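Q: Model the structure of this input:
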Amino acid sequence: MKNASSKRLSEVIFNKLVERIKNDKYKVGDKLPSESVLAKEFEVSRYPIREALSKLASAGYIESFQGKGSFVINHDVSDTFRQHAYGRFSEKDLLDILEMRTIIEVEAAGICALRRTEEDMQLIEDAFHKYIETHQDEYALGIEPDYNFHKCIVQSTKNQYIIKTFENLQDIHVNALSYSLKLNIGMVEKRESVIHEHEMIYQAIKNQDEYNAKKAMKEHLVTMRKKLGDKRCR
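A: Numbering: from 1, shown residues only. Okay, here's the model as predicted:
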């Protein structure tokens with residue numbers, strides 16, 4: 001394994017650890033071997049081990065505690081993502097709320113493109129660059145930078161009711177983001193596609209292009225809803 005790239009090593013190690021969890025070599029509640037023990041076993045440095053463990057945590061297989069180690073919390077995460085995304089909401093509730101969010105944010109993007117000040121644009125630009133910086137790490141979720149980018153756009157509308165409605169949807173927004181972003185963990189092409197979607201929104205707002213700001217926001221949010229299983233999207 002020594003001659004492979006760090007990214008490739010972490011992927012191989014991740015898959016081997018997932019196999020062990022699924023086969024109950026590591027049962028729910030078990031503590032995984034330490035980074036140093038795993039590094040010695042796989043004959044690698046601790047860096048790819050750390051990457052693999054980070055991906056396991058993001059995928060919902062393990063939970064890590066500072067100073068205590070990593071513990072198995074699920075042996076099969078096929079349904080875990082949806083349970084996390086829906087939380088106290090039913091599936092229909094989630095999809096209905098996201099449909100309403102699409103209506104709000106598409107219009108908000110158009111209004112933002114027309115009304116945003118230079119100060120607003122600086123905040124949006126900072127949020128966008130922070131988003132890009134975070135999402136260049138293929139194992140990072142980046143929920144907060146993603147949410148803040150959308151929040152800056154909504155706040156730039158200067159419409160207190162749009163802003164308040166957006167804020168009231170924060171919980172479901174963050175839960176849906178968590179589920180959607182976890183689907184892209186380690187998927188370079190998918191992550192690049194989502195980054196491109198955000199860039200299209202950013203550029204349209206920067207150019208004060210109302211039509212394309214709305215178009216780009218709609219394409220981005222509809223894509224997310226499709227990932228979450230909304231068959232009503234076209």
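Q: State which helix of this structure is the longest.
A: Secondary structure of the chain per DSSP state H: the longest helix is helix 91-115.
Q: Extract the CA atoms of whichever helix or strand comes after that one and return them as PDB.
A: Using DSSP states H and E, the helix or strand that follows helix 91-115 in sequence is helix 118-135. Extracted in PDB, the C-alpha atoms of helix 118-135 (Å, rounded to 0.1, in the frame of the first residue of the first chain):
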ATOM      1  CA  GLU A 118     -21.000  46.300  -2.500                       C
ATOM      2  CA  GLU A 119     -21.000  45.500   1.200                       C
ATOM      3  CA  ASP A 120     -23.500  42.700   0.600                       C
ATOM      4  CA  MET A 121     -21.400  41.400  -2.300                       C
ATOM      5  CA  GLN A 122     -18.300  41.300  -0.200                       C
ATOM      6  CA  LEU A 123     -20.100  39.100   2.400                       C
ATOM      7  CA  ILE A 124     -21.400  36.800  -0.300                       C
ATOM      8  CA  GLU A 125     -18.000  36.600  -1.900                       C
ATOM      9  CA  ASP A 126     -16.300  35.800   1.500                       C
ATOM     10  CA  ALA A 127     -19.000  33.100   2.100                       C
ATOM     11  CA  PHE A 128     -18.500  31.700  -1.400                       C
ATOM     12  CA  HIS A 129     -14.700  31.500  -1.000                       C
ATOM     13  CA  LYS A 130     -15.000  29.900   2.400                       C
ATOM     14  CA  TYR A 131     -17.400  27.300   0.900                       C
ATOM     15  CA  ILE A 132     -14.900  26.600  -1.900                       C
ATOM     16  CA  GLU A 133     -12.000  26.200   0.600                       C
ATOM     17  CA  THR A 134     -14.000  23.800   2.700                       C
ATOM     18  CA  HIS A 135     -15.300  21.700  -0.100                       C
END
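Q: Just the buried positions in helix 118-135, please.
A: Buried residues in helix 118-135, defined by neighbour count with 16 or more other C-beta atoms under 10 Å: 120-121, 123-124, 127-128, 130-132, 135. Quick note: C-beta positions are derived from backbone N, CA and C, even for glycine.
Q: swap in stretch 191-200?
A: Residues of stretch 191-200 classed as buried: 191, 194, 197-198, 200 (neighbour count, 16+ other C-beta under 10 Å).
Q: now the residues you listed in TSV, with pLDDT?
A: Formatted as TSV, those follow (pLDDT from 0 to 100):
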residue	pLDDT
Arg191	72
Val194	85
Glu197	94
His198	94
Met200	97
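Q: Helices along this protein, start to end?
A: Going by DSSP H, the chain shows helices at 6-22, 35-42, 46-59, 80-86, 91-115, 118-135, 143-155, 160-168, 170-182, 188-206, 210-227.
Q: Fine, thanks again, bye for now.
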